[in-house]
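Undergrad: what's the 3D shape of this:
(one chain, ligands or ions: 1)
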Amino acid sequence: TQAVVAAVPFNALKASEHGFDNGISPPAGQTAEPPSRMTTASTLSESYHAGKVGTVAPQGVNATIGTLDRVRVDSGGQPLTTNQGVAIADNQNSLKAGVRGPVLLEDFVLREKLTHFDHERIPERIVHARGSAAHGYFECYEPLTQFTKAAPFQESGKVTPVFVRFSTVAGERGSKDTARDVRGFAVKFYTDEGNWDLVGNNMPVFFIQDAMKFPDLVHAVKPEPHHGMPQAASAHDTFWDFVSLMPESTHMLMWVMSDRAIPRSYATMQGFGVHSYRFVNDAGESVFVKFHWEPKYGTHSLVWDEAVKISGADPDYHRRDLWERIESGVFPEWELGVQIFTEEQAQAFSFDILDATKLIPEELVPVQLVGRMVLNRNPDNFFAETEQVAFCTAHVVPGIDFSNDPLLAGRIHSYVDTQISRLGGPNFHELPINAPIAQVHNNQRDGMHRQAIPRGRVAYEPNSLGGGCPFQAGAAQGFVSVPARLEAKEAQGKVRAKPEKFADHYTQATLFLDSQTEVERAHIAAAFRFELSKVTVPAIRERMVASLLNVSEALAKTVAAGLGMANLPAPLPKALETVETPEVTVSATLSLKARPGDGSIAGRKVALLVADGVDGDSLLKIHAALLAQDAVPRFVAPHIGRVVTSDGTEIEADASLENEPGFLFDALVLPNGKAGVDALSKDGHTAEFIKDQYRHCKPILVLSGSQTLFAQAGGSDLTPSGGQDPGIFIGPFRSSTVQAFIKGIGRHRHPERETAPPR
Ligand code: HDD
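TA: Coordinates of the predicted model:
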């Protein structure tokens with residue numbers, strides 16, 4: 001017999017956690033040597049020419065990790081102590097006057113322990129409370145000195161450490177990962193000229209145009225204040241009441257009702273800086289820039305039924321996925337893209353580039369790839385790093401500047417402000433995860449929780465007693481705001497008003513919708529139907545349908561029919577009847593179809609169903625083929641533990657039909673071997689497993705022996721229109737079939753099968 005052990009997530013940087021440097025042997029099938037991809041120096045993205053760049057950082061090692069080492073605590077081999085370093089003799093019993101007597105006030109060990117415990121929670125983030133993060137690095141392809149003097153873009157191959165946090169927006173800290181929501185995509189670059197935080201989302205536009213409306217938006221989407229429901233969901237009256245009265249949110253609603261709002265993984269979502277920012281070069285010249293993160297593994301989403309089921313079976317689905325990808329060395333990776341354009345170009349656009357509810361179609365300004373970002377290390381401690389990290393849009397470095405976007409202006413204030421109450425004072429920048437690598441020298445002093453010990457008697461400037469230090473850096477070295485920001489041509493004195501083009505609320509909503517495939521459009525309509533079906537006040541549903549009529553009559557009619565509306569309302573009156581002709585009316589790059597990534601199956605989870613008596617040989621070969629492509633094959637059986645195949649081979653099942661249901665996997669393999677298939681078919685979970693995989697349009701490999709099992713669960717290799725389903729692979733075990741299946745996994749999903757309602 002031969003024991004097959006599932007791949008243990010392994011990170012060479014944390015070998016001690018796996019016992020590999022403690023003299024303990026690794027599990028069978030694993031070597032003490034980390035996989036080779038963990039130790040090689042990084043290579044530039046395949047889409048870029050190798051050989052052009054200079055030195056690159058070894059994977060897994062970067063400058064911030066080094067600085068964090070000074071505060072890492074490792075208690076291996078150490079006695080328990082109080083916070084004063086006094087060794088504790090007994091951690092079981094409080095100090096009493098006799099065994100049955102009262103506990104004594106002098107028990108400082110008990111009191112310190114309880115007091116600390118009583119205060120160990122901090123306020124959660126007002127929005128984006130639920131999140132997960134990782135360390136990594138950004139690597140520059142070519143110098144961008146023509147446009148910007150920002151430190152990360154000065155040399156090809158230059159590496160800048162980063163810490164990245166992904167999040168949902170509406171849910172509380174413990175809420176489910178797979179809610180329909182925008183995802184935060186916040187990147188902290190620890191540049192050698194100070195920290196730069198690019199605090200973005202996985203969608204390129206936003207709900208509102210002015211920060212003045214942000215508290216209203218958030219109050220509308222959060223659980224309703226009288227009863228605190230619903231959690232992590234926009235499907236309720238107050239959200240739709242607000243957005244139906246705020247037509248500027250319509251474009252964003254298209255994105256949030258699309259599958260983009262239910263990503264498959266943090267590693268498979270795009271990221272966007274949203275606002276127009278500015279690049280500034282050494283000569284002080286500036287251009288506008290929009291930032292894009294393009295995932296190497298493609299942009300992939302869940303379907304709604306899947307997202308709902310996952311939220312019950314694994315509320316930590318995205319957190320786990322990010323963690324496991326990094327531990328197993330399949331590092332999430334993105335390329336950074338920039339859309340660079342001038343003030344003159346911006347003036348000519350049919351939309352206003354200061355309006356965060358508008359995107360710039362890639363056909364109008366192409367996205368230039370300027371570097372890549374790799375996430376290669378999980379945090380050591382969730383609270384110290386992921387919870388305490390403080391991203392602020394105000395954190396920019398020389399070479400990056402703001403535009404006049406009024407939404408951005410409010411953000412520049414809000415993020416620093418919120419950290420002060422969330423992290424308990426003005427010294428949050430000293431927390432190890434927030435501290436820059438660049439040195440900090442100024443005359444700010446004191447405040448709660450101050451860590452630094454500034455030396456000398458001088459805390460003011462100008463001074464002569466400190467030799468004039470720290471001195472003003474001057475324009476050559478210091479941050480200088482772009483003067484153009486202050487020269488707004490249309491300056492008319494103080495006004496509370498918006499530029500006219502901001503009032504075109506529908507053109508780009510239609511652009512997004514028209515750029516989607518038929519399946520994507522159907523999902524958008526279904527999402528509107530679902531969300532509005534949870535709205536209890538009919539007038540709100542009607543107002544929303546009235547607004548949708550300005551985007552697409554077809555969409556409005558489908559949604560109205562889905563809500564059982566007898567008559568279509570009149571379209572909502574528009575703020576602007578005559579709008580400028582858009583440059584682009586269909587942008588293929590807005591569809592997920594245009595974003596398959598590199599087609600690889602790295603990180604995809606594949607279930608191989610097993611039970612005593614299955615044919616082991618074919619399954620082990622399929623398992624090996626999947627592993628060779630960096631996928632995550634798992635043996636799933638009626639129970640975890642040992643399964644004996646028809647030829648007596650032992651397979652270790654690390655998941656059961658009960659503890660990891662079908663919708664948690666990206667693909668499915670049904671086995672050969674009559675006794676095993678019979679055993680599987682007796683367990684009702686098997687049919688559910690197959691049904692969900694089938695319904696969610698996942699690739700399924702049906703070895704001939706499981707054909708009946710598959711058919712009995714409702715599966716078919718024909719699409720509803722009678723064609724061959726490209727995601728179902730039925731046949732005897734052959735390597736060509738396995739290869740076709742692997743290619744099918746690379747496609748992620750096979751929507752040809754889909755019907756609404758499901759067959
Ligand atoms: Fe915000 C958190 C992204 C508009 C005020 N926001 C926060 C986070 C992300 C974003 C990713 C979580 C950061 C982390 O992981 O710690 N926010 C955006 C984007 C916006 C946006 C892409 C529009 C383009 N936000 C926005 C506005 C305001 C805020 C208009 C207020 C005027 N956002 C906040 C905040 C948060 C925050 C209340 C909560 C926790 C935090 O800042 O650190 O200040």
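Undergrad: Can you list the residue ranges for helices in the stretch 201-350 of the chain?
TA: 214-221, 237-245, 250-256, 304-313, 317-327, 343-348 (DSSP state H, counting those that start in this stretch).
Undergrad: Show me which residues of this protein are close to the ligand?
TA: Residues of the chain lying close to the ligand by Cβ under 6 Å from any ligand atom are 125-128, 131, 165, 167, 184, 186, 199-201, 206, 211, 214, 274, 356, 391, 407, 410-411, 414-415, 418. C-beta here means a position set from N, CA and C on the backbone, and glycine is covered the same way.
Undergrad: and the residue of the stretch 251-400 of the chain found nearest the ligand, how many residues sit next to it?
TA: Minimum separation of the stretch 251-400 of the chain from the ligand (Cβ to the nearest ligand atom) falls at V274, amounting to 3.7 Å. Residues within reach of V274, counting by other Cβ atoms under 10 Å, total 24.
Undergrad: Quick check: it touching A356?
TA: Yes. Applying Cβ atoms under 8 Å, one finds V274 in contact with A356, separated by 5.6 Å.
Undergrad: Which neighbours do the two have in common?
TA: Common neighbours of V274 and A356, using Cβ atoms under 8 Å, 6 or more residues apart in numbering, are 205-206.
Undergrad: quick one: the strands in the stretch 351-500 of the chain?
TA: Secondary structure of the stretch 351-500 of the chain (DSSP state E, counting those that start in this stretch): strands located at 368-377, 400-402.
Undergrad: what would those strands look like in a markdown table with mean pLDDT?
TA: Formatted as a markdown table, the strands of the stretch 351-500 of the chain follow (pLDDT from 0 to 100):
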| stretch | mean pLDDT |
| --- | --- |
| strand 368-377 | 96 |
| strand 400-402 | 97 |
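Undergrad: in the stretch 1-150 of the chain, which spans are helices?
TA: Remark: helices assigned in the stretch 1-150 of the chain by DSSP H, counting those that start in this stretch are 36-39, 63-69, 108-118.
Undergrad: any idea which of the ones you listed is most buried?
TA: The highest average neighbour count among the helices of the stretch 1-150 of the chain, using mean count of other Cβ atoms under 10 Å, belongs to helix 63-69 at a mean of 16.
Undergrad: on contacts alone, who are the packing partners of it?
TA: Identification of packing neighbours for helix 63-69 by 3 or more Cβ pairs under 8 Å, 6 or more residues apart in numbering; DSSP states H and E yields strand 159-168.
Undergrad: May I have the strands that pair with the strand it packs on, each with its orientation?
TA: If you go by DSSP bridges, strand 159-168 pairs up with strand 131-140 (antiparallel), strand 183-191 (antiparallel).
Undergrad: What average pLDDT does the last one get?
TA: The reference is to strand 183-191. Model confidence over strand 183-191 averages 97 on the pLDDT scale.
Undergrad: contacting residues around the closest residue to H441 other than its chain neighbours?
TA: Nearest residue to H441, sequence neighbours excluded (Cβ to Cβ, 6 or more residues apart in numbering): P470, at 4.0 Å. Counting by Cβ under 8 Å, 6+ apart, P470 touches 441-443, 461.
Undergrad: could the residues you listed be laid out in CSV, adding neighbour count and pLDDT?
TA: Formatted as CSV, these follow (neighbours: other Cβ atoms under 10 Å; pLDDT from 0 to 100):
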residue, neighbour count, pLDDT
H441, 10, 96
N442, 9, 96
N443, 12, 97
E461, 13, 96
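Undergrad: where are the low-confidence patches of the protein?
TA: 1-63, 485-491 (pLDDT under 70).
Undergrad: If we use 80, what do you get?
TA: 1-67, 69-70, 484-492 (pLDDT under 80).
Undergrad: can I assume A570 is in contact with S547?
TA: No. Contact between A570 and S547 fails when scored by Cβ under 8 Å: they sit 11.2 Å apart.
Undergrad: Give me the more crowded residue out of those two.
TA: Taking other Cβ under 10 Å, A570 and S547 do not tie; S547 has more neighbours (25 against 9).
Undergrad: I'd guess that one is in a helix, am I close?
TA: Yes. In this structure, S547 lies within a helix as judged by DSSP: H, G, I helix; E, B strand; the rest coil.
Undergrad: So the residue nearest to it when sequence neighbours are not counted: helix, strand or coil?
TA: Nearest residue to S547 in three dimensions, chain neighbours excluded: L572, at 4.6 Å (Cβ to Cβ, 6+ apart). Following three-state DSSP, L572 is assigned to coil.
Undergrad: Contacts only, for L572.
TA: When contacts are taken as Cβ under 8 Å, 6+ apart, L572 is in contact with 247, 543, 546-547, 549-550.
Undergrad: R173 now?
TA: R173 makes contacts with 124-125, 129-130, as judged by Cβ under 8 Å, 6+ apart.
Undergrad: Please repeat the previous calculation with a cut-off of 7 Å.
TA: Listed by Cβ atoms under 7 Å, 6 or more residues apart in numbering, the contact partners of R173 are 124, 129-130.
Undergrad: go on, T64?
TA: 135, 161, 163, 190, 437.
Undergrad: in stretch 682-695, what's buried?
TA: Under the neighbour-count criterion of 16 or more other Cβ atoms under 10 Å, stretch 682-695 has 683, 685-695 buried.
Undergrad: can you give me the strands in the stretch 501-650 of the chain?
TA: Ranges of strands within the stretch 501-650 of the chain are 605-609, 632-637, 641-644, 650-653, based on DSSP E, counting those that start in this stretch.
Undergrad: what about the closest residue to the ligand within the chain, distance to Q477?
TA: Closest residue of the chain to the ligand, Cβ to the nearest ligand atom: G184 (2.7 Å). G184 sits 32 Å away from Q477, going by Cβ to Cβ, to the nearest Å.
Undergrad: can you check H318 too?
TA: Counting by Cβ to Cβ, the gap from H318 to Q477 is 41 Å.
Undergrad: what does D617 give?
TA: 67 Å.
Undergrad: Please say which of these two ends up with more neighbours.
TA: D617 (15 against 10).
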